[in-house]
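S.K.: what follows is a predicted structure for the sequence shown.
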Amino acid sequence: GIGRTGVVGIIKGKTDTPGKVIGLRADMDALPIHEETGVEYASKTPNAMHACGHDGHTAMLLGAAKYLAETRNFDGTVAVIFQPAEEGGGGGKEMVDDGMMEQFGIDEVYGMHNWPGVPVGTFSIRPGAFFAAADTFEVKVQGKGGHAAKPHETVDSTVVAAQMVLALQTIASRNSDPVKQLVVSVTSFQTSSNAHNVIADSVTLRGTVRTMDGAIQDMAEHRLIEICEGIATTFGAQAEVKYQRGYPVMVNSDEQTEFAAKVARDVSGICEDAPLVMGGEDFAYLLEARPGAYILMGNGDTAHVHHPKYNFNDEAIPTGCSWWAEIVEKRMPAA
């Protein structure tokens, strides 16, 4: 496979000459969530479900590939890219680093994602920065544990970590320009003891930082480390901070975005201006390597992605297939 378990299929156009090469990417992976949809085709594997619709994305790209292979009503080459490990595994980077773009001569790439809460048939897209950079952090606060009745004999790691949780919110509220997008979320607070009468020896904090701008990303990382180490020193504790850069900002190319929007309007009549999305998306790695565009398509009135009751709306499949196919036929029209 490409990038370990990725799959790339090649479809030649009418003249069977290479010409321009367009990459169409669908992600394939599921999530560690126990499905609660109750549908007859629900996951039979505990704690594993398609809670983000990647099965639907794969189905739409397979449908478009079948049509394109049967009709070949275009001049050029299509690379249909089935990508693993979008959900935090960086499968897009794995495929790019494995030489996918060079091996298949890909000139530009297009991606699509379903979007719950938006009517089926409604597309949305924006040029430039679209999805956020998604970083993670872990802070281990080392204090001195002891009996809860004698806090003066301890360095209370819980109190120190609580101060950090509050202070980290000032990165967005006081260190960043208010018009710049920045999210700092502490999502896990774990003490080394669960006993009601023990002051924990240590606390581990985990969380994420989301940004749309490289300078803001740099500032947030610097301030997070500075704040945590400074607070630990103030209270006589120690802080070990691990900051991990994750998916980069996903940036749509202007020309390809305009084209993708036009195709969407031709397919369904509706393509709206999309808002910035603070979620991460590893299609960003493909867009760093080649020009291209990523578009959202309505999934109807369903639970949102990553929810145990989320269900991909099969009524969206024809629209998605049509968009993929027309991207190819209109970008590389047959003579």
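M.R.: Received, thanks. Numbers count the residues shown, from 1 in each chain.

S.K.: when you work out contacts or count neighbours from here on, use the C-alpha atoms and nothing else.
M.R.: Will do.

S.K.: point to the residue nearest the middle of this protein.
M.R.: residue 281 (2.4 Å; C-alpha atoms, centre = their mean).

S.K.: who are the neighbours in contact with that residue?
M.R.: If a contact means C-alpha atoms under 8 Å, 6 or more residues apart in numbering, then residue 281 has 86, 131-132, 247, 250 as its contacts.

S.K.: need those residues in TSV (columns: secondary structure, pLDDT and distance to residue 330).
M.R.: Below are the contacts of residue 281 laid out as TSV (DSSP: H, G, I helix; E, B strand; the rest coil; pLDDT from 0 to 100; distance: C-alpha to C-alpha, whole Å):
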residue	secondary structure	pLDDT	distance to residue 330
86	coil	98	28
131	strand	99	26
132	coil	99	30
247	strand	96	31
250	strand	98	24
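
S.K.: which members of the residues you listed are the farthest-apart pair?
M.R.: Distances among the contacts of residue 281 were taken as C-alpha to C-alpha; the most separated pair is 86 and 132, at 14.5 Å.

S.K.: more neighbours, the two?
M.R.: Per other C-alpha atoms under 10 Å, whichever of residue 86 and residue 132 has more neighbours is residue 132, with 26 against 22.

S.K.: residue contacts, that one?
M.R.: With C-alpha under 8 Å, 6+ apart, residue 132 has these contacts: 210-212, 248-250, 276-281.

S.K.: mind giving me the ChimeraX select for those, buried ones only?
M.R.: Those of the contacts of residue 132 that count as buried under 16 or more other C-alpha atoms under 10 Å are selected in ChimeraX with:
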select :210,211,212,248,249,250,277,278,280,281
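
S.K.: list the buried residues for the helix or strand hosting residue 287?
M.R.: Per DSSP states H and E: residue 287 is located in helix 283-289. Buried residues in helix 283-289, counted by 16+ other C-alpha under 10 Å: 283-289.

S.K.: what helices and strands are in contact with that helix?
M.R.: If contacts are counted by 3 or more C-alpha pairs under 8 Å, 6 or more residues apart in numbering; DSSP states H and E, helix 283-289 sits against helix 91-97, strand 108-115, strand 250-252.

S.K.: and of the ones you listed, who's closest to residue 57?
M.R.: strand 108-115 (7.0 Å).

S.K.: for this protein, what's the longest helix?
M.R.: Taking DSSP state H as the criterion, the chain has its longest helix at helix 214-234.

S.K.: what does it rub up against?
M.R.: Residues contacting helix 214-234 (C-alpha under 8 Å, 6+ apart): 139, 141, 160, 163-164, 167-168, 171, 176, 180, 182, 209-211, 238-241, 243.

S.K.: again with stretch 94-113
M.R.: 2-4, 6, 20-26, 57, 79, 83, 283, 285-287, 289-297.

S.K.: quick one: what helix or strand has residue 68 in it?
M.R.: Assigned by DSSP H and E, residue 68 belongs to helix 54-71.

S.K.: need the residues that contact that helix.
M.R.: Here helix 54-71 has contacts from 11-12, 24-30, 80, 82, 112-114, 312-314, 317-318, 320-322, 324-325, using C-alpha under 8 Å, 6+ apart.

S.K.: pLDDT on the helix or strand that comes right after it, on average?
M.R.: Later in the chain than helix 54-71, the nearest helix or strand by DSSP H and E is strand 77-83. For strand 77-83, the mean pLDDT works out to 99.

S.K.: and strand 77-83, which strands flank it?
M.R.: strand 7-12 (antiparallel), strand 21-27 (parallel) (DSSP bridges).

S.K.: ok, which of the ones you listed comes nearest residue 119?
M.R.: Using C-alpha to C-alpha, these put strand 21-27 closest to residue 119, at 20.9 Å.

S.K.: got a markdown table for the helices and strands packed on helix 283-289, with distance to residue 67 too?
M.R.: Below are these laid out as a markdown table (distance: least, C-alpha to C-alpha, whole Å):
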| stretch | distance to residue 67 |
| --- | --- |
| helix 91-97 | 25 |
| strand 108-115 | 17 |
| strand 250-252 | 27 |
